[in-house]
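Visitor: build me a model:
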Amino acid sequence: MAGVSNFDVSLLERCEAILHVDSLQPPFSLIHRDAAAREIPWYAQHGTGVICYSPMESGLLTDSLTAEKVSKLAPDDWRRRAPQFREPNLSRNLALRDALRPIAKRYSTTVSAVAVAWVIAWPGVTGAIVGARSPERVDGWIGAATVQLTATDLEEIAQAILRTGAGSGPTMPLLEHAA
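Guide: As a prediction, the model looks like this:
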């Protein structure tokens, strides 16, 4: 069996000519959606498992991150230099995160859980790699596995993406796959 990480479609095609790619790990979140336009459809067509990483975009899509906390990150923290953590993107991304709060409230869960549930709602995505810096933080997203976003929820999220201008890539999975 073969698994790869961060391969684009041209590399996947080259690998597939030699050996079937059984699993791929792309970055994928509400902010970093580009894999939904290219790689995720390829995976679905080729029977390849997709385990997405960084579904909470390194903390941006959590309940507790604020612009003030970002400004206080250690000087050597890579996020200080990352485009998604710098203005004007930071404000757009936090606005998108805030737009998830009503959905989280409807499900009695967290924004983090909604962000992860959105990732696994995409056709072709088989799982998400979700991290936490402490056992307590796992409580913030562990409920994602039980959140079944509806077509209405997905439309609300897509509208929030468009309204805030956060990130890039497709904004909504195919509705026929939504609950």
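Visitor: what sits closest to the residue nearest in space to the middle of the chain if chain neighbours are left out?
Guide: Among the residues of the chain, the one closest to the centroid is residue 29, at 1.6 Å (CA atoms, centre = their mean). Leaving aside its chain neighbours, residue 29 sits nearest to residue 57 (4.3 Å; criterion: CB to CB, 6 or more residues apart in numbering). (Each C-beta comes from the backbone N, C-alpha and C, glycine too.)
Visitor: is it true that the one you found touches residue 30?
Guide: Yes: at 7.2 Å, residue 57 counts as touching residue 30 under the criterion of CB atoms under 8 Å.
Visitor: who touches the worst-scoring helix or strand of the chain on mean pLDDT?
Guide: Sorting the helices and strands of the chain by mean pLDDT, DSSP states H and E puts helix 135-138 at the bottom, at a mean of 75. The contact list for helix 135-138 (CB atoms under 8 Å, 6 or more residues apart in numbering) reads residue 132.
Visitor: what packs against the helix or strand following that helix?
Guide: Later in the chain than helix 135-138, the nearest helix or strand by DSSP states H and E is helix 151-164. In this structure, helix 151-164 packs against helix 89-99, helix 101-106, helix 111-120, with contacts taken as 3 or more CB pairs under 8 Å, 6 or more residues apart in numbering; DSSP states H and E.
Visitor: quick one, what contacts residue 38?
Guide: Taking CB under 8 Å, 6+ apart as the test, what residue 38 contacts is 8, 9.
Visitor: pLDDT weak spots in the protein?
Guide: Within the chain, the stretches with pLDDT under 70 are 140, 174-179.
Visitor: again, 50 this time
Guide: 176-179 (pLDDT under 50).
Visitor: backbone dihedrals for residue 51, please?
Guide: Per-residue torsions, residue 51: phi -120, psi 100 (degrees, to the nearest 10).
Visitor: distance of residue 135 relative to residue 116?
Guide: For residue 135, the distance to residue 116 equals 17 Å [CB to CB, to the nearest Å].
Visitor: the two - which one has more neighbours?
Guide: residue 116 (27 against 7; other CB atoms under 10 Å).
Visitor: so what's the more buried one closest to, chain neighbours aside?
Guide: That would be residue 144: by CB to CB, 6+ apart, it lies 3.5 Å from residue 116.
Visitor: next: residue 156.
Guide: residue 103 (6.5 Å).
Visitor: give me every residue that touches that neighbour.
Guide: By CB under 8 Å, 6+ apart, the residues touching residue 103 are 114, 149, 153, 156, 157.
Visitor: if you rank these by neighbours, which is first?
Guide: residue 114 (27 neighbours).
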